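Chemist: Sequence first, then the predicted structure, then my questions.
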Amino acid sequence: MKKLKLSHGIVILMLCIGFQGYSQFNGWKEKVLQAGAALGAKKMGLDQVLKKPESITTSFEDVDQTGSKLPDLLVVKNVQPLYLLPKAAEGGFVLCDGFYEMSAKSYCLKAGTFAPSQGDGYMYAPTLGPKQEIVTTILKNAEKHPEIKQQNIQELLWAIIAKSRFADFSGQLKLTAIALLSTAELTHLEGGMLGVLPASLMNQAKSKLPEAVQNVFEAENNIRQMVANGNYTYAEMEKYAIIAGMAPVRTDIPSGIWTLHPDGYYIRYYPSGYAITKVQIYVPKTLLATGKRIVYDATNDIACPANVGSQRLAQTNEPLNPNYAIKLKSSCK
């Protein structure tokens, strides 16, 4: 009788499946996962680890400051709720002239950074990077799934930003991903991901990174570890994603600065933590004089901090506590 030869990967998979059903073997499961990570890391090599691009690459360098205005250079008056504007079939709101604002759900897209603080300047930048389509799709589809909690969506985004493998997803995280992404998108989610890196490789990698990047690199690996283990709370994941304390404020980019959007209107952001952002928009009358149709769709927008140590905030079209009893005063056609 021939002896069967099992690869390391198959042995590890079998052990994981066997141990999952028995709570007394939780410690073994973690050791098996770490062993599997070590095997994968050896194959990858340090250079490959360091060359892996961020899932979302948007930074303040992607902000076009041309035409931006300091907070007091636009006199804000007759502000109306943004969510009362006509909804666009493709998502977002059809803009009319005037001033509009909306407090909406927002999401952190940068682990290992400081939460927004008073005085931070945020400007518009597009969502860029290998997982741009995935992130935008999640934010668009979240509108159709009000039953999914904002925290569950934030966990999914942190897992993606941290380059967690979909194969490591379990429990509510996996259910959220399946609800918001198609099979093809879930397959794409595997591409370019890292999985958990063992401590030895982490230490080597960190020694080659600038100090400012080390916190992010370590936070992402800690999140990947949590996802792979499958046993964590939101607060535990948040602890790695959000650094305690405050980032230093850049005085040259003040809070409330207006960005001239590529579509011709002005936009600014006032975050309240990372989960809520008040957006204000000014649409000049001349912009629509030719009958041009302009849509504000926040799902591909990032409120980008001038301070690189603070969080990028993904924007949404989901207003918080809207009052639909109010009537729009503008004549929108």
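Modeler: Sure thing, it's come through.

Chemist: what about residue 136, how many neighbours?
Modeler: 17 (other Cβ atoms under 10 Å). The C-beta positions use only the backbone N, C-alpha and C, and glycine is treated the same way.

Chemist: which SS state does it fall under?
Modeler: Following DSSP: H, G, I helix; E, B strand; the rest coil, residue 136 is assigned to helix.

Chemist: and it, what does it touch?
Modeler: Counting by Cβ atoms under 8 Å, 6 or more residues apart in numbering, residue 136 touches 127, 299, 300.

Chemist: can you list contacts of stretch 174-192?
Modeler: The contact list for stretch 174-192 (Cβ under 8 Å, 6+ apart) reads 52-53, 55, 130-131, 133-134, 137-138, 141-142, 145, 148, 152-153, 155-156, 160, 163, 165-167, 169.

Chemist: do you know how far residue 296 is from residue 187?
Modeler: Residue 296 sits 31 Å away from residue 187, going by Cβ to Cβ, to the nearest Å.

Chemist: quick one, which of those two is more surrounded?
Modeler: Neighbour totals were compared for residue 296 and residue 187, and residue 296 leads with 24 against 11 (other Cβ under 10 Å).

Chemist: Hmm, that one is touching residue 280, no?
Modeler: No: with contact defined as Cβ atoms under 8 Å, residue 296 does not count as touching residue 280 (11.4 Å).

Chemist: any idea which strand is longest in the protein?
Modeler: Using DSSP state E to define each element, the chain has its longest strand at strand 98-108.

Chemist: tell me which strands and helices that strand is in contact with?
Modeler: Counting contacts by 3 or more Cβ pairs under 8 Å, 6 or more residues apart in numbering; DSSP states H and E, strand 98-108 packs against strand 80-81, helix 150-161, strand 276-283, strand 313-319.

Chemist: Between those, which one is closest to residue 216.
Modeler: Among the helices and strands packed on strand 98-108, the nearest to residue 216 by Cβ to Cβ is helix 150-161 (9.4 Å).

Chemist: what comes into contact with the closest one?
Modeler: Taking Cβ under 8 Å, 6+ apart as the rule, helix 150-161 contacts 54-56, 105, 107-111, 131, 134-135, 138, 142, 169, 172-173, 176-177, 180, 189, 220, 223-224, 227, 234, 237, 241, 275, 314.

Chemist: quick one, helices of this protein?
Modeler: For the chain, helices defined by DSSP state H occupy the ranges 8-20, 26-44, 46-51, 132-142, 150-161, 171-180, 183-190, 199-207, 211-229, 234-241.

Chemist: pLDDT of the first one, averaged?
Modeler: Pointing back at helix 8-20 there. On average, the pLDDT along helix 8-20 is 38.

Chemist: circling back: the longest strand of the chain pairs with which strands, and in what direction?
Modeler: strand 80-81 (parallel), strand 276-283 (antiparallel), strand 313-319 (antiparallel) (DSSP bridges).

Chemist: can you dump the C-alpha coordinates of it into CSV?
Modeler: What follows is strand 98-108, C-alpha atoms only, in CSV (Å, rounded to 0.1, in the frame of the first residue of the first chain):
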residue,chain,number,x,y,z
GLY,A,98,-26.5,77.2,-3.0
PHE,A,99,-25.1,75.9,0.2
TYR,A,100,-25.8,72.4,1.5
GLU,A,101,-24.7,70.3,4.4
MET,A,102,-25.2,66.8,5.8
SER,A,103,-23.8,64.8,8.8
ALA,A,104,-23.2,61.4,7.3
LYS,A,105,-21.6,58.1,8.2
SER,A,106,-17.8,58.0,7.5
TYR,A,107,-15.2,55.3,7.8
CYS,A,108,-11.5,55.1,8.8
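
Chemist: before we move on, back to that, drop anything exposed from the contacts of helix 150-161.
Modeler: Listed as buried from those are 54-56, 105, 107-111, 131, 134-135, 138, 142, 169, 172-173, 176-177, 180, 189, 220, 223-224, 227, 237, 241, 275, 314; burial here means 16 or more other Cβ atoms under 10 Å.

Chemist: Next up, the contacts around the residue nearest to residue 113 when sequence neighbours are not counted.
Modeler: Spatial nearest neighbour of residue 113, chain neighbours left out: residue 311 (4.8 Å); criterion: Cβ to Cβ, 6 or more residues apart in numbering. Taking Cβ under 8 Å, 6+ apart as the criterion, residue 311 is in contact with 108, 109, 110, 113, 114, 115, 116, 242, 274, 305.

Chemist: Pull up the per-residue confidence for the third one.
Modeler: It refers to residue 110. Residue 110 is assigned 90 on the pLDDT scale.

Chemist: again, but for the last one
Modeler: Reading off the confidence values, residue 305 has pLDDT 93.

Chemist: ok, what's across the strand from it?
Modeler: Going by DSSP bridges, residue 305 forms beta bridges with residue 122.

Chemist: Correct me if wrong: it contacts residue 277.
Modeler: No: the criterion here is Cβ under 8 Å, and residue 305 misses it with residue 277 at 11.7 Å.

Chemist: Need the overlap of contacts for these two.
Modeler: By Cβ under 8 Å, 6+ apart, the residues touching both residue 305 and residue 277 are residue 313.
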